[in-house]
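Trainee: any chance you could fold what I've pasted below:
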Amino acid sequence: MNRIYGVIGIKAKMANWNADFTGRPKSTSNGDIFGSDKALKYPMKKMWENEGEKVLFMKSWKEQKGSTVPKQLGERYVYLFDAIDKKTETKEVMRNLFSAIDVKNFGATFAEEGQNISITGAVQFGQGFNKFEDTNIEVQDILSPFMDSKAEAKGKEAKQATLGTKITVDEAHYFYGFSINPSSYNEYNEIVDNAEYTQADYEAFKKVALVSATAYSTNSKFGCENEFALFVECKDDKTYLPDLSDYVKFDSDSDSEPRTIDLTELEALIDDVYEKVEVYYNPFKLDVITNLETFNIFTQKKIES
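Mentor: Residues are numbered from 1 along each chain as shown. Next comes the predicted model:
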């Protein structure tokens, strides 16, 4: 396999794709709203786990002294694979790590029981910046259906109290650039027999890249969906491209949907370097200006021009 580059677009409507510790949408010091790579990876890993794949870096729980607490990394490893101690060979641990689909794609740092393994993932993401210029942050008060249990202790009358707030954006469109470098694992191929990044690994990544955000519907994430994806398969392994999300132009001027994405500049950038390019998008909410082959992101069927 040669290098692959691409872009994943996430739409958020009355939702909060990636909150900071205050509950507000994550933003830079300049106020630019963005989503971290962790926000994108989590629904991917959750979808893999729901389909029965081995996912190492996923929170799981255990009982401890009458409480429920998260498992440590070593405990999660034992749950998925075998017991590990200081006599366990590094080769065996590495083979197990590469059999976890999230490690195979995103890499891992594993420092347990004398092991000190660092794997740089074949798949790397940038930060997903919001390209919609008219995003507003909405704050909703949430009332509790119960009396305030702390009111009497405070000398106040017990009554229905505000439970908290729910913070969303009215509309945002996040675009993540990514790259896949299969040769990242060349050094491990001499150690274990399952380190090679294969076409099957790429197809597994591609599947979740198209639908995992749409499939992941929690309270704050309902309203977040995959709306765009671009995959550029290069002609040779000596092709090096920048973050392609910088070359996706998003029209924020329209007062209503469908919004418009212009790939003209991106097409000029990748001209003559690709073997295959696929563009997926939501044809009901987006218009895409492109000469490239396009597909419905929900059905994966070709869109006839």
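Trainee: the worst-scoring helix or strand of the chain on mean pLDDT packs against which elements?
Mentor: Sorted by mean pLDDT, DSSP states H and E, the helices and strands of the chain end with strand 160-169, the least confident at a mean of 81. When contacts are defined as 3 or more CB pairs under 8 Å, 6 or more residues apart in numbering; DSSP states H and E, strand 160-169 packs onto strand 137-147. Just so you know, the C-beta spots here come from the backbone N, C-alpha and C atoms, and that holds for glycine as well.
Trainee: burial count for the closest residue to Lys302 other than its chain neighbours?
Mentor: Setting aside the residues directly before and after it, Lys302 is nearest to Phe295 in space (CB to CB, 6 or more residues apart in numbering), at 5.5 Å. Here the count is done by other CB atoms under 10 Å, and Phe295 has 17 residues near it.
Trainee: distance from the least confident helix or strand of the chain to the middle of the chain?
Mentor: Average the C-alpha atoms of strand 160-169, do the same for its chain, and the two points are 26 Å apart (CA atoms, centre = their mean, to the nearest Å).
Trainee: what mean pLDDT does whatever helix or strand comes next after it get?
Mentor: Scanning the chain past strand 160-169 towards its C-terminal end, the next helix or strand to appear is strand 172-180 (assignment: DSSP states H and E). Averaging pLDDT along strand 172-180 gives 98.
Trainee: could you export strand 172-180 as PDB, CA atoms only?
Mentor: The C-alpha coordinates for strand 172-180 follow below in PDB (Å, rounded to 0.1, in the frame of the first residue of the first chain):
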ATOM      1  CA  ALA A 172     -20.800  24.000  13.100                       C
ATOM      2  CA  HIS A 173     -18.900  22.100  10.500                       C
ATOM      3  CA  TYR A 174     -15.600  20.500  11.600                       C
ATOM      4  CA  PHE A 175     -13.000  19.400   9.000                       C
ATOM      5  CA  TYR A 176     -10.200  17.000  10.000                       C
ATOM      6  CA  GLY A 177      -7.200  16.300   7.800                       C
ATOM      7  CA  PHE A 178      -5.600  12.800   8.100                       C
ATOM      8  CA  SER A 179      -2.800  10.800   6.600                       C
ATOM      9  CA  ILE A 180      -2.100   7.000   6.500                       C
END
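Trainee: and the helix or strand following it, which residues are buried?
Mentor: Beyond strand 172-180 in the direction of the C-terminus, DSSP H and E gives the next helix or strand as helix 186-189. Using 16 or more other CB atoms under 10 Å as the burial criterion, the residues of helix 186-189 that qualify are Tyr188.
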